[in-house]
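Visitor: The following comprises the amino acid sequence and a computationally predicted model.
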Amino acid sequence: VETQAQLRVLKDMGFNIFQGYLFGKPAPIEHWVKTAKARA
C-alpha cells in the first residue's frame, strides 16, 4: 500500500492486514536478523 487512497479502498473491501511504503520502507535482511536475535 503506497497511498492513503489505496488503504481506504482496501479497508472498504474488508482487508485488515497491510504492508507497503505507506507504513515503512523495505529493510535489509540483516536488520530483521538483528531484531529477531534481540527479541529471542
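Guide: Nice, thanks for sending it over. Residues are numbered from 1 along each chain as shown.
Visitor: Tell me the gap between the lengthiest helix in the chain and the middle of its chain.
Guide: Determined from DSSP state H, the single longest helix within the chain is helix 29-39. Computed by CA atoms, centre = their mean, to the nearest Å, the chain-centroid distance of helix 29-39 equals 16 Å.
Visitor: Let's see the pLDDT reported for residue 40.
Guide: pLDDT, residue 40: 89.
Visitor: For residue 20, which non-adjacent residue is closest in space?
Guide: residue 1 (3.8 Å; CB to CB, 6 or more residues apart in numbering). C-beta coordinates here come from the backbone N, C-alpha and C atoms, glycine included.
Visitor: separation between residue 28 and residue 17?
Guide: 23 Å (CB to CB, to the nearest Å).
Visitor: Which one's more surrounded, these two?
Guide: Legend: neighbour count by other CB atoms under 10 Å for residue 28 and residue 17, higher for residue 28 (8 against 5).
Visitor: Relative to residue 34, how far out is that one?
Guide: Counting by CB to CB, the gap from residue 28 to residue 34 is 10 Å.
Visitor: The most centrally placed residue in the chain: helix or strand, and which one exactly?
Guide: Nearest to the mean C-alpha position of the chain, by CA atoms, centre = their mean, lies residue 19 at 3.1 Å. Assigned by DSSP states H and E, residue 19 belongs to neither a helix nor a strand.
Visitor: For it, give me its contacts.
Guide: residue 1 (CB atoms under 8 Å, 6 or more residues apart in numbering).
Visitor: Neighbours of residue 33, how many?
Guide: By the criterion of other CB under 10 Å, residue 33 has 10 neighbours.
Visitor: what about it, distance to residue 12?
Guide: From residue 33 to residue 12 the distance is 37 Å (CB to CB).
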